[in-house]
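> Got a sequence here, can you model it:
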Amino acid sequence: MTKHWRIQQPDPGHVKTISNGLNCSAVTASILVNRNLTAVDTARAFLNPTLQQLNSPCALKDMDTAVGRIEKALHHQEKILIFGDYDVDGITATVILFEFLQKAGATVSYYIPDRFTEGYSLQAHHIEEYAAQNRIALVITTDCGSSSHAGARAAQKEGIDLIITDHHKVPDSLPEALAVINPQRPNCSAGFQNLAGVGVALALIICLRKHLRDNGYWENHPEPNLRSLCDLVALGTIADSVPLTGENRIFTRVGLDVIRTGSAHPGIEELLKISRTPRETVGAEDVGFRLAPRLNAAGRMDHAGRAAKLLLSDRSTEARKLALTLDSLNAQRKDTEQEMLQEILGYLHRHQQELDKRSLVLAGSHWHEGVLGIVAARLADKFYRPVVLISTRGASGKGSARCVDGINLYKCLAACTDQLDRFGGHAMAAGLAIHVDAIPVFRDKFETVVRAETAEKQPVAVVCVDYEIQFDAICDRIIDEIETLEPFGNGNPDPIFMARDVRVRDSKIVGKHHRRMDLFQPGIAGEKVFGAIQFNVDTRIQQPDAFEKIAFRLHWNRWNGRKSIQLFIEETLPKRQAADR
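Model prediction:
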């Protein structure tokens, strides 16, 4: 797939202002300006996020109603049930709300549904067969519920109050709940639209704690410290790929600090050990690629309750056993994912006409539902188009969809509601249910809708370069300054650098699919040589030893108490492919 390389051109005046004001290099100043941080005060606040910078979330729609109802439940010792989603965002949201209410003296329990037998979000049978049977007076959802009309009606019928906390796109009509706290509501002007589900749960906790403080509740109960929850908030926020800006950046930076100082929950400590992640230098990338996959593996391969139990554990021995279980489940997940991916790639190799379409809708009767979303994301990235993968069982199918920039996935699926039993999600990711007989019609309709969405121009993958740099300009100071820009993620991507005319001095394949190299630029003074790693190379073909240009990230490689500069290769353009680009 051809990719377009775009080198950003920040305003030189803004770069000079930021560089002088922050006493940083022009490289770092350019990166900040590329992120629209053109004022010194704003850039300084970005580099030093603190909880004191948070805006109050108490203006969120229905927040007053929710905290008042929870206060009543506390005073009357009514049974509260927290109902969460089975991904990392939902699990962490459930755990922080459960922990806070426990410390506040509530009679509280939690429930996370089984992905395979119960499906997504609060449903009528959860109320009728669990909440009502256990005499629950108040149900609070986390990271789900905005489309749970049947569940809300069942709660009303049973006389159970329902508070929904969620961040997913809302339907045209909301469920008939006592309160729906969702910053995506069109009539909610409080802001906070970028919060993950765990961020919305924390917003409820912040407002509840203040409400209880104003009413003297903490005079008889120790007031919980919210900073101690931020490690979990960081996990859920990073795992859900919401923009790491504004409140999310604050939550994540503070949460990572909690982890690095050894104050994290024992379950997180054990995940760090089992994944061989150094606690002192843990970053957003470690959370996204080492911790979150192990937590998600519980819900993908077994039951998400295992992950919740791990995060709630206050005993290292128990946490260690649970972490080992999640590590094993994650290994199973990777094997299952790889098998499914290779099967689909083989099919596409034999049916090249499928790639003439602007979307991919594929179904399999034996595909594991737990890895559909991961594989769909891999395919969307590889072929740069919307992908829907459907696992069929008998007459029913469950699907996961992933998208690319420039196409609104939710909008495309909404145009296909006649073919779908149900769906939910947002612009980049969604889940759906469909009858098997409707799949062919849905495939055609979805392709038609995507073509209409991309009528003027088909989206093209872009390599967005922050700064073109020569190897002789790469130094310790720049790497140190780059670290101050963390955490990196959606909305604040890891800076991408570009260098031209790069040669390979030495290389070898490690871990089956990764290429470790020593790189240099001929003719550059001193001919600095840097270690580099390129992940997931195609080892079936001969690897180039000279590049017209490379795009890469710059970080410290820390090992055994030492550190060295390392290039993490994102894209390459070998010399033989450079013509006419």
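
> which regions of the protein sit below the pLDDT cut-off?
Applying pLDDT under 70 to the chain flags the ranges 1, 525, 577-581.

> Would you enumerate the residues in contact with the nearest residue to residue 534 once chain neighbours are set aside?
Closest residue in space to residue 534, ignoring its immediate chain neighbours: residue 569 at 3.9 Å, by CB to CB, 6 or more residues apart in numbering. In this view, the C-beta of every residue, glycine as well, is placed from N, C-alpha and C. By CB atoms under 8 Å, 6 or more residues apart in numbering, the contact list for residue 569 reads 517, 532, 533, 534, 535, 550, 551, 552.

> Which stretches in the stretch 251-400 of the chain count as strands?
With DSSP state E, counting those that start in this stretch as the criterion, the stretch 251-400 of the chain has strands at 360-364, 387-393, 396-402.

> any chance of these in a markdown table, with distance to residue 23 and mean neighbour count too?
As requested, those are arranged in a markdown table below (distance: least, CB to CB, whole Å; neighbours: other CB atoms under 10 Å):
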| stretch | distance to residue 23 | mean neighbour count |
| --- | --- | --- |
| strand 360-364 | 49 | 20 |
| strand 387-393 | 46 | 23 |
| strand 396-402 | 42 | 23 |
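
> Quick check: which of the ones you listed is nearest to residue 181?
The closest of the strands of the stretch 251-400 of the chain to residue 181 is strand 396-402. By CB to CB, the value is 26.1 Å.

> So which elements touch the next helix-or-strand element following that closest one?
Downstream of strand 396-402, the first helix or strand assigned by DSSP states H and E is helix 409-414. For helix 409-414, the packing partners by 3 or more CB pairs under 8 Å, 6 or more residues apart in numbering; DSSP states H and E come out as strand 396-402, strand 422-425, strand 429-435, helix 439-453.

> buried residues in the longest one?
Put plainly, it is helix 439-453. 439, 442, 443, 445, 446, 447, 449, 450, 453 (16 or more other CB atoms under 10 Å).

> Go through those residues and say which is closest to residue 422.
Taking the buried residues of helix 439-453 together and measuring to residue 422 by CB to CB, the closest member is residue 442, at 12.9 Å.

> where do the helices sit along the stretch 151-300 of the chain?
197-214, 230-239, 246-260, 266-274, 284-286, 292-301 (DSSP state H, counting those that start in this stretch).

> contact partners of the second one?
Okay, so that is helix 230-239. With CB under 8 Å, 6+ apart, helix 230-239 has contacts from 51, 87-93, 95-96, 196-199, 202, 244, 248, 251-252, 254-256, 258-259, 263-265, 268, 284, 287-288, 291-292, 295-296, 311, 487, 489.

> Now do the same contact list for the nearest residue to residue 128 once chain neighbours are set aside.
Using CB to CB, 6+ apart and skipping the chain neighbours, the partner closest in space to residue 128 is residue 154 (5.6 Å). Counting by CB under 8 Å, 6+ apart, residue 154 makes contact with 124, 125, 126, 127, 128.

> ok, back up a step: highest average neighbour count across the helices of the stretch 151-300 of the chain?
Counting by mean count of other CB atoms under 10 Å, helix 230-239 has the highest mean neighbour count of those, with a mean of 30.

> and the direction of that helix versus that of helix 292-301, what angle?
On the basis of axes from the mean of the first three to the mean of the last three CA atoms, to 10 degrees, helix 230-239 is oriented at 70 degrees to helix 292-301.

> now the angle from helix 230-239 to helix 246-260?
Using the same axes, to 10 degrees: helix 230-239 against helix 246-260 is 120 degrees.

> roughly how far out does the top helix by length along the chain sit from the chain middle?
Ranked by residue count and defined by DSSP state H, the top helix of the chain is helix 316-350. Mean-position distance between helix 316-350 and its chain equals 18 Å (CA atoms, centre = their mean, to the nearest Å).

> now stretch 399-416
17 Å.

> With stretch 314-324 instead?
Worked out by CA atoms, centre = their mean, stretch 314-324 lies 25 Å from the chain centre.

> again, but for stretch 172-180
With CA atoms, centre = their mean, you get 26 Å for stretch 172-180.

> Can you show me the CA trace of it as PDB?
This file holds the C-alpha atoms of stretch 172-180, laid out as PDB (Å, rounded to 0.1, in the frame of the first residue of the first chain):
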ATOM      1  CA  ASP A 172     -31.600   9.400  19.200                       C
ATOM      2  CA  SER A 173     -33.500   8.600  22.300                       C
ATOM      3  CA  LEU A 174     -32.000   7.800  25.700                       C
ATOM      4  CA  PRO A 175     -33.000   5.000  28.000                       C
ATOM      5  CA  GLU A 176     -35.500   5.900  30.700                       C
ATOM      6  CA  ALA A 177     -33.000   6.000  33.500                       C
ATOM      7  CA  LEU A 178     -32.900   8.100  36.600                       C
ATOM      8  CA  ALA A 179     -29.700   9.700  35.300                       C
ATOM      9  CA  VAL A 180     -27.600   9.400  32.200                       C
END
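
> what residues are up against residue 147?
Contacts of residue 147 by CB under 8 Å, 6+ apart are 121, 168, 170, 171, 175, 422, 424.

> Equivalent analysis for residue 456, please.
Contacts of residue 456 by CB under 8 Å, 6+ apart: none found.

> Got the phi and psi for residue 112?
With angles defined as degrees, to the nearest 10, residue 112 sits at phi -120, psi 120.

> okay, now it: neighbour count?
The criterion is other CB atoms under 10 Å. On that basis, residue 112 has 26 neighbouring residues.

> and what of residue 417?
Neighbour tally, residue 417, other CB under 10 Å: 10.

> Now stretch 402-410: buried residues?
For stretch 402-410, by 16+ other CB under 10 Å, it's 402, 403, 404, 407, 409, 410.

> quick one on the thing from earlier: so of the contacts of residue 147, which two are at opposite extremes in space?
Once CB to CB is applied, these give 170 and 422 as the farthest pair, at 14.7 Å.

> which of the two has more neighbours?
residue 170 (21 against 13).

> Next up, phi/psi of that one, please.
Dihedral angles for residue 170 - degrees, to the nearest 10 - are phi -90, psi 150.

> mind giving me the domain split of the protein?
Structural domains annotated on the chain: 4-8+463-577, 57-226, 351-453, as defined by automatic domain parsing.

> Endpoints of the longest one, how far apart?
In terms of CA to CA, to the nearest Å, the two terminal residues of domain 57-226 are separated by 14 Å.

> ok, the residue lying closest to residue 168 once chain neighbours are set aside - contacts?
Spatially, and ignoring its direct neighbours in sequence, residue 168 is nearest to residue 146 (5.4 Å; CB to CB, 6+ apart). Residue 146 sits next to 164, 166, 168, 169, 170, 171, 174, 175, 180, 182, 184, 424 when contact means CB under 8 Å, 6+ apart.
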